[in-house]
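Trainee: Sharing a model that was predicted from the sequence below.
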Amino acid sequence: MLRLIARGYTYREVAKELFISVKTVESHVSSVLRKLQLSTRHQLTRWAAERPLT
């Protein structure tokens with residue numbers, strides 16, 4: 001999911017790609033933001049771009 005978000009996919013596109021609901025995507029992104037102590041999706045995208053995601 002993080003790779004898709006980092007590539008600029010919308011929550012709806014991520015949900016469709018992973019066969020989950022948009023609410024589930026929002027919940028996961030919120031959880032990741034909280035754990036990484038980030039505030040915005042943009043910060044998360046930048047964080048992911050700075051690291052090799054396998």
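Mentor: Arrived safely, thanks for sending.
Trainee: just the helices in this protein please.
Mentor: 2-6, 11-18, 22-36, 41-49 (DSSP state H).
Trainee: what's near enough to touch residue 14?
Mentor: Residues near residue 14 by Cβ atoms under 8 Å, 6 or more residues apart in numbering: 1, 4, 5, 25. Every C-beta, even on glycine, is put in place using the N, C-alpha and C of the backbone.
Trainee: how about the helices of the chain in a markdown table, adding mean pLDDT?
Mentor: Below are these laid out as a markdown table (pLDDT from 0 to 100):
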| stretch | mean pLDDT |
| --- | --- |
| helix 2-6 | 89 |
| helix 11-18 | 97 |
| helix 22-36 | 96 |
| helix 41-49 | 90 |
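Trainee: Measure how buried residue 40 is and give me the count.
Mentor: A count of neighbours around residue 40, defined by other Cβ atoms under 10 Å, yields 9.
Trainee: on that earlier part again, make TSV from the contacts of residue 14 and add neighbour count and distance to residue 35 to it.
Mentor: TSV is the format used below for the contacts of residue 14 (neighbours: other Cβ atoms under 10 Å; distance: Cβ to Cβ, whole Å):
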residue	neighbour count	distance to residue 35
1	17	14
4	16	18
5	20	14
25	23	16
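Trainee: Could you export the residues you listed as a markdown table, including distance to residue 43?
Mentor: Shown next, in a markdown table, are the contacts of residue 14 (distance: Cβ to Cβ, whole Å):
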| residue | distance to residue 43 |
| --- | --- |
| 1 | 16 |
| 4 | 17 |
| 5 | 11 |
| 25 | 17 |
